[in-house]
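Participant: Just need the structure, nothing else, for what follows:
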Amino acid sequence: MEGAAAYCLVVLDAEGQAVWAWEGPDTSVALGGVLDRPEASEGPVLAPGSAWSVAALDADGHVVAASPLRSASP
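Facilitator: Numbers count the residues shown, from 1 in each chain. Model (predicted):
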């Protein structure tokens, strides 16, 4: 997104509680933040009712855009 220096992603469970969050400059990230580490088998799991939202942050950390809450259920 134009003007975005970083993104803040949050994954919520069916009750609306945050189960995982991430912040960084990349436009994609693996759930749990790990792609190629088989030893990292434990971590957040998407369950029925899971949802996510992402906010774009400018270089000063201010929100410049945010997505609505979206379903992430498997």
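
Participant: quick one: the strands in this structure?
Facilitator: For the chain, the strands defined by DSSP state E cover 6-12, 18-24, 51-57, 63-66, 70-71.

Participant: strand partners of the first one, parallel vs antiparallel please.
Facilitator: According to DSSP bridges, the neighbouring strands of strand 6-12, each with its direction, are strand 18-24 (antiparallel), strand 51-57 (antiparallel).

Participant: Out of the ones you listed, flag the one nearest V63.
Facilitator: Minimum separation from V63 across these (C-beta to C-beta) falls at strand 51-57, 5.0 Å. All C-beta atoms are positioned from the backbone trio N, CA, C, and that covers glycine.

Participant: Which parts of that closest one count as buried, going by neighbours?
Facilitator: 51-52, 54-57 (16 or more other C-beta atoms under 10 Å).

Participant: What distance do you get for A4 to S73?
Facilitator: To S73, A4 is 27 Å away according to C-beta to C-beta, to the nearest Å.

Participant: Between the two, which is the more surrounded one?
Facilitator: Per other C-beta atoms under 10 Å, whichever of A4 and S73 has more neighbours is A4, with 16 against 10.

Participant: hang on, the earlier thing: can you redo the strands of the chain as JSON lines with mean pLDDT and distance to G43?
Facilitator: Listed next are these as JSON lines, based on pLDDT from 0 to 100; distance: least, C-beta to C-beta, whole Å:
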{"stretch": "strand 6-12", "mean pLDDT": "96", "distance to G43": "11"}
{"stretch": "strand 18-24", "mean pLDDT": "94", "distance to G43": "8"}
{"stretch": "strand 51-57", "mean pLDDT": "97", "distance to G43": "15"}
{"stretch": "strand 63-66", "mean pLDDT": "97", "distance to G43": "25"}
{"stretch": "strand 70-71", "mean pLDDT": "96", "distance to G43": "20"}
